[in-house]
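**Student:** Quick one: sequence plus predicted model below, questions after.
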Amino acid sequence: MKLPLIPGNPRINVPEEKTFHMSPDDFRRHGHVLVDWIADYYAHIESFPVLSRAEPGRIRASLPPHAPATGEPFNTMLHDVEKLILPGITHWQSPNFYAFFPCNSSGPAILGDLLSSGLGVQGMLWATSPACTELETHVLDWLVHMLALPEKFLSSNTGGGVIQDTASSASLCALVAGRERATNFASNQKGCDGRLVAYTSAQAHSSIEKAAKIAGLGRDNLRLIEVDKNFAMRPDILARQIEEDRRAGLLPCFVCATVGTTSSNALDPVPEIGRICRERGIWFHVDAAMSGTAALCPEFRHIHDGLDYADSYCFNPHKWMFTNFDCDCFYLADRKALIQTLSVLPEYLRNQATESGAVIDYRDWQIPLGRRFRALKLWFVIRHYGVEGLQHHIRRHVELAQKFAGWIIKDDRFELASPAPLNLVCFRHKGGDAVNQSLMNRLNAGGDLYLTHTKLNDKFTIRLCVGQTNTTERHVERAWQRIQEEAARLDNSARNTA
Ligand SMILES: Cc1ncc(COP(=O)(O)O)c(C=O)c1O
């Protein structure tokens with residue numbers, strides 16, 4: 001399909017001038033080859049070992065020590081991608097990828113990202129590309145409805161959403177806003193005085209600790225609250241710790257609850273934690289990095305119970321919503337608190353639209369100044385799948401994970417290590433840490449699936465997360481078959497050495 005890009009205008013022919021740039025015609029030619037290459041990659045992705053087998057330093061050793069003095073043909077580069085780069089790729093988009101949390105992708109997302117690169121806009125201000133800002137605001141409002149988030153997160157209300165690169169950045173922004181609200185914006189002015197304290201659970205993501213360090217609170221002023229037997233934060237201990245800190249003259253400024261912890265997908269009791277924060281005027285952030293996407297389906301929306309108490313919330317379409325990295329949706333109940341925290345307006349950024357107060361300048365909602373047009377890929381994904389399509393695939397992932405959990409329960413050699421509320425199953429062989437470590441290593445070395453581990457109650461625990469875009473029943477069945485085969489081999493060799 002040819003689009004009438006500039007209707008009626010002929011191509012501009014400029015006089016020939018020496019250039020090293022790629023011409024639009026060459027770009028078109030190479031671009032077609034590259035898109036074909038990516039499509040072929042997806043068609044053959046299952047033929048690669050999921051976890052790269054590259055030894056440390058091997059990829060660098062295969063590259064020339066110095067940059068080329070003269071330009072090289074595009075085909076040579078693509079050839080080198082196959083020969084030198086592919087062996088160093090861990091195939092996150094393989095349907096046999098069950099490690100960490102997914103970082104999934106899809107055709108419409110890749111094309112949206114390509115278009116964003118093609119347009120090449122930098123949307124730091126509304127004025128630097130109005131569509132970049134307005135599409136983002138609009139799509140993030142759509143998501144409020146799609147996930148049934150509280151209405152206060154709508155841009156038409158007191159809050160609004162913004163796309164951050166990652167959940168780590170979203171949590172950092174939330175923490176600095178909480179810090180400023182608690183000190184009436186004095187810490188922005190004079191720095192932190194060592195009295196500010198933040199709280200999260202002992203199972204929260206490491207990004208919260210990083211945020212406490214970056215925001216100047218200091219690691220010692222982040223309280224890691226004990227969890228219950230399901231690895232969820234204990235609100236009674238949180239409340240007690242806050243009171244103790246207050247009595248000691250400290251200033252509690254931020255609490256982060258997790259909806260779907262990284263280790264075990266634990267769901268912190270958001271309503272109870274929220275009430276504690278509301279009563280004490282403490283900024284309450286909810287990190288639903290992967291699991292938030294589940295709320296697309298009404299039957300999983302209970303994970304967001306209590307979100308009405310939240311000052312901020314984030315989830316990552318780049319984990320489970322088929323939108324390639326990077327894309328974190330960050331919502332605020334009161335945008336003014338964040339804008340006042342982050343806004344700095346030098347003369348060279350002043351413009352009429354900003355002065356009018358009628359527009360959003362997202363530079364004030366994030367740490368960096370510049371920003372990519374990320375909303376395009378999210379818009380493409382939502383329009384391609386529709387709500388129905390997204391719900392279908394999320395439901396299917398949860399169903400497959402639950403099936404896998406059922407197989408674990410039925411097999412006497414294995415046990416579940418934690419509840420599996422959604423798409424992550426934490427399990428272990430009853431033979432102990434060494435057996436589980438070898439089981440996982442053997443499976444990963446085999447190349448036909450990739451699993452990672454955690455420790456729960458100090459025991460080595462294998463995690464299997466179903467969330468890659470193209471994972472289907474046959475893949476999960478095969479994973480279970482491979483786990484059983486390797487477990488049988490380990491059992492046999494243990495018997496032979498006994
Ligand atoms: C609960 C949780 N929060 C935050 C993060 C960090 O995500 P990001 O890479 O977007 O910063 C993760 C990553 O897995 C996570 O599981």
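**Tutor:** Here it is on my side, so go on.
**Student:** Tell me how many other residues crowd Phe404.
**Tutor:** Counted with other Cβ atoms under 10 Å, residues neighbouring Phe404 total 22. Any C-beta I mention is one placed from the backbone N, CA and C, and that applies to glycine too.
**Student:** can you give me the helices for the stretch 201-350 of the chain?
**Tutor:** For the stretch 201-350 of the chain, the helices defined by DSSP state H, counting those that start in this stretch cover 206-214, 235-247, 270-280, 317-320, 335-342.
**Student:** can you tell if the fourth one touches the ligand?
**Tutor:** By that I understand helix 317-320. No. Figure legend: helix 317-320 not in contact with the ligand (Cβ under 6 Å from any ligand atom); closest approach 6.8 Å.
**Student:** Just the residues contacting that helix, thanks.
**Tutor:** The contact list for helix 317-320 (Cβ atoms under 8 Å, 6 or more residues apart in numbering) reads 101-104, 166, 289-291, 293-294, 323-329, 378, 381, 394, 397, 423, 467.
**Student:** just checking, which of these belong to strands?
**Tutor:** 328-329 (DSSP state E).
**Student:** Deepest-packed of the helices of the stretch 201-350 of the chain, please.
**Tutor:** Neighbour counts (mean count of other Cβ atoms under 10 Å) averaged over each of the helices of the stretch 201-350 of the chain peak at helix 317-320, with a mean of 28.
**Student:** For the stretch 1-150 of the chain, which residue gets nearest to the ligand?
**Tutor:** Of all residues in the stretch 1-150 of the chain, the one sitting closest to the ligand is Phe101 (4.5 Å; Cβ to the nearest ligand atom).
**Student:** tell me which parts of the stretch 151-300 of the chain are close to the ligand?
**Tutor:** In this structure, the stretch 151-300 of the chain approaches the ligand at residues 166-168, 205, 207, 258, 261-262, 287, 289-290, judged by Cβ under 6 Å from any ligand atom.
**Student:** what secondary structure does Leu135 sit in?
**Tutor:** Assigned by DSSP: H, G, I helix; E, B strand; the rest coil, the conformation of Leu135 is helix.
**Student:** Sketch out the strands for the stretch 351-498 of the chain, chain order is fine.
**Tutor:** Applying DSSP state E, counting those that start in this stretch to the stretch 351-498 of the chain gives strands spanning 414-416, 424-429, 452-456, 459-465.
**Student:** Now tabulate those in a markdown table and tack on mean neighbour count.
**Tutor:** Supplementary listing: these in a markdown table, determined by neighbours: other Cβ atoms under 10 Å:
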| stretch | mean neighbour count |
| --- | --- |
| strand 414-416 | 17 |
| strand 424-429 | 25 |
| strand 452-456 | 16 |
| strand 459-465 | 22 |
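**Student:** how about those, which one is nearest Leu390?
**Tutor:** Within these, the stretch nearest Leu390 is strand 459-465; the backing value is 17.8 Å (Cβ to Cβ).
**Student:** Can you show me the CA trace of that closest one as CSV?
**Tutor:** Once non-C-alpha atoms are left out, strand 459-465 reads as follows in CSV (Å, rounded to 0.1, in the frame of the first residue of the first chain):
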residue,chain,number,x,y,z
LYS,A,459,15.5,-23.0,49.5
PHE,A,460,16.5,-23.1,45.8
THR,A,461,13.3,-22.8,43.8
ILE,A,462,12.7,-23.1,40.1
ARG,A,463,10.4,-20.5,38.4
LEU,A,464,8.4,-21.1,35.2
CYS,A,465,6.6,-18.1,33.9
